[in-house]
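Engineer: got a sequence here, can you model it:
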Amino acid sequence: MPLFGYCFLSDALKRPVFDPTGEVVGKLTDAVVVRGDQLPRIAAILVSREGRLVRIPWADVEIFNKRILSTRLAAAAVEPYQADERDLLVARDILDKQIVDANGAKVVRVNDVRLDGYNGDAVLTAVDVGLRGLLRRLGVERRSDQVFSLLKVDLPANLIGWQYIQPLSPKLNAIGLTVPRQMVADLHPADLAEILSQVSREEGQNLFTELDVKTAADALSELRPERQVELITAVEPEKAADILEEMPPDEASDVLADLPSEKASEILGHIEGEEAKDIQELLSYEGDTAGGLMTNAYIAYSPGTTVARAIERFRADADSIEPVYQIYVVDREEKLVGTVTLRELLLAEPGAPLGALIKRKPQTVGPDEDAKGIAAVMSKYDLVAVPVVDADGRLLGVVTVDDILDGLLPSPVKRMRRGA
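Structural biologist: Modelled structure (predicted):
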């Protein structure tokens, strides 16, 4: 059994490999991984010999640890390594690559790889993403331990088990961004958006295309516009349409508005009729006006609807609309009559009509009002949402305080709020 216990790859890299006579075959440069098993095993080690790479099958490795590396083969018998793009090499393709620490919801870099002996094989069991792994790579781990010991500071290894790492790219010859799909789905959308913002464009696109529709929609809502465009164009138009349908109409229209017109039309053509109509309506307004900032997904009932009936309908309607601050009361011509807060609804008598709960004329803005004008109305009347009506008083949509913040904040601050 060549490897007893465990060792880290950096402990063995660049060490001489001896043949049975004590002759130096060369220096350890890398190792070839057999993929497909739960714990990938080493198929062969690669040794640098006279300026070229030679391959020693793992079956011909006699000893492998951080002190001694040896082979059963004579130095003259080792064969040249024939490069194959399908090979996964530990040092070349895993060290220094980025992975997702799903527990910490952040992107980290692989500083070292742990190998364990198992049934005669050497298997990859974990990656070290901590400071200790980096110090080990630099060859100063022991010296650093002495310093940290004097300072009474513990320096643990920050290991992520291989079972938590899965290939991301369909055609993997290098480990880039890797994380189990279920762990991604469990991340908060803001955390996932931060990860998508930290990685390269290619890695972000690979990760985004693997997400389920709901998770992708939640994450996309948190990203800055440029990143949204990059990611939504990376998926097939049908899936892109499904993702946008999961988003509030105003956010979906914002994404489409930033796309090239041909691409936007292609995606819009795959969106269901009613959702497409809502989005197209919002696209007709300038982005920095109430019409462009509003959502046309809101809850509105007639004045004659009883409180009991409104509560019953609300339980079903509110499931697909977020956030809900109040109920809008409109007549048969869709003209806004007033608003009823959720508190007022819950405290009212079940048989009372909604029209009887309206206490004052609602504060509204027109679709052409700019963000500063909307903010002034919200501030003056202490509102978290303001209805948008046309010249005849018909309810067109609702602008929320979040929409106004996105419209008024300086770009760097806005990017921070959207997970950039």
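
Engineer: CA only for contacts and neighbour counts going forward, please
Structural biologist: Will do.

Engineer: strands along the stretch 51-200 of the chain, start to end?
Structural biologist: Listed in chain order, the strands found in the stretch 51-200 of the chain under DSSP state E, counting those that start in this stretch are 52-57, 61-64, 69-71, 79-80, 88-89, 98-101, 106-109, 112-118, 121-128, 159-161.

Engineer: from memory Gln198 sits against Val107, does it?
Structural biologist: Yes: using Cα atoms under 8 Å, Gln198 is in contact with Val107, at 7.0 Å.

Engineer: and the nearest residue to Thr125 once chain neighbours are set aside, how far from Gly26?
Structural biologist: Leaving aside its chain neighbours, Thr125 sits nearest to Trp162 (5.1 Å; criterion: Cα to Cα, 6 or more residues apart in numbering). From Trp162 across to Gly26, the span is 29 Å (Cα to Cα, to the nearest Å).

Engineer: same deal with Gly355?
Structural biologist: Applying Cα to Cα to Gly355 and Gly26 gives a distance of 88 Å.

Engineer: name the residue in Trp162 and Gly26 with the higher neighbour count.
Structural biologist: With neighbours defined as other Cα atoms under 10 Å, Trp162 and Gly26 compare such that Gly26 has more, 22 against 17.

Engineer: by how many degrees do the helix or strand the more buried one falls within and strand 52-57 diverge?
Structural biologist: Under the criterion of DSSP states H and E, Gly26 resides in strand 24-34. Strand 24-34 and strand 52-57 meet at an angle of 60 degrees, taking axes from the mean of the first three to the mean of the last three Cα atoms, to 10 degrees as the criterion.

Engineer: what about dumping the CA coordinates of stretch 87-103 to CSV?
Structural biologist: This file holds the C-alpha atoms of stretch 87-103, laid out as CSV (Å, rounded to 0.1, in the frame of the first residue of the first chain):
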residue,chain,number,x,y,z
ASP,A,87,-7.5,13.9,-18.1
LEU,A,88,-8.1,15.7,-14.8
LEU,A,89,-4.8,16.6,-13.2
VAL,A,90,-4.7,17.5,-9.5
ALA,A,91,-2.1,20.3,-9.5
ARG,A,92,-3.0,21.8,-12.9
ASP,A,93,-6.8,21.6,-12.6
ILE,A,94,-7.7,21.8,-8.9
LEU,A,95,-5.0,23.8,-7.1
ASP,A,96,-5.7,27.6,-7.1
LYS,A,97,-9.2,27.0,-8.7
GLN,A,98,-12.3,28.6,-7.1
ILE,A,99,-15.0,26.6,-5.4
VAL,A,100,-18.1,27.6,-3.4
ASP,A,101,-18.0,27.2,0.3
ALA,A,102,-21.8,26.7,0.5
ASN,A,103,-21.7,26.9,4.3
